[in-house]
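J.: the following block contains a protein sequence and its predicted model.
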Amino acid sequence: MNRQATTMTLWQAIDALAAQLPFSTQKVGRTLSTTLSDTHAAGGDVFRFFEGTPVRLADGAELARIDLRIKREDASQGFLVLELKGRCVPMAEVRQHYAALELIDVPRGRSLDEASTFAATLGWGRLSFGFTERNPDCLAFVAFDPA
């Protein structure tokens, strides 16, 4: 698997992406040093789905999957999910960067992939951090949901 590398840490990448709003495949791709391609996913009547190649970050975290969704009708801000692998990013580290987190979703016992999700409400929208049941001590994904 071809992995791109970037000199940014996870936190620098998050800040750089938030500064890119509204999202586009070009901006996200350039920021993360990856190429985003249309997945032509089913249900693509409302959204266009783009996926990026994995990116290794300077701090040892890895963006295993980059999932960008852009509305077809009103090219809104876009919705971006970064799935993480590589080093474990514990909740304590998330809180060092985003102290005011609110629990917005909890697992319902149906799957080890369900997550406890914590969100920070920022000037541009909501930034969410998910910790799955499979590995509850390590950050599994970061989602950008612009207002």
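T.: On my side now, so go ahead. Numbering: from 1, shown residues only.

J.: now Gln12, what's its secondary structure?
T.: helix (DSSP: H, G, I helix; E, B strand; the rest coil).

J.: kindly report the same for the one 5 residues further on.
T.: Under the three-state scheme (three-state DSSP), the conformation of Leu17 reads as helix.

J.: and it, what does it touch?
T.: Applying C-beta atoms under 8 Å, 6 or more residues apart in numbering, we find Leu17 in contact with Phe23, Val28, Thr31, Leu32, Leu80, Phe144. C-beta coordinates here come from the backbone N, C-alpha and C atoms, glycine included.

J.: gap between it and Glu73?
T.: Separation of Leu17 from Glu73 (C-beta to C-beta, to the nearest Å): 23 Å.

J.: cool, and Gly52?
T.: Noted for Gly52: a distance of 23 Å to Glu73, by C-beta to C-beta.

J.: quick one, which of those two is more surrounded?
T.: Neighbours around Gly52 and Glu73, counted as other C-beta atoms under 10 Å, are more numerous at Gly52. The numbers are 22 against 8.

J.: for that one, which non-adjacent residue is spatially closest?
T.: Excluding the flanking residues, the one nearest Gly52 by C-beta to C-beta, 6 or more residues apart in numbering is Ile66, at 3.2 Å.

J.: the one you found: how many residues sit nearby?
T.: Using other C-beta under 10 Å, the number of residues around Ile66 comes to 22.
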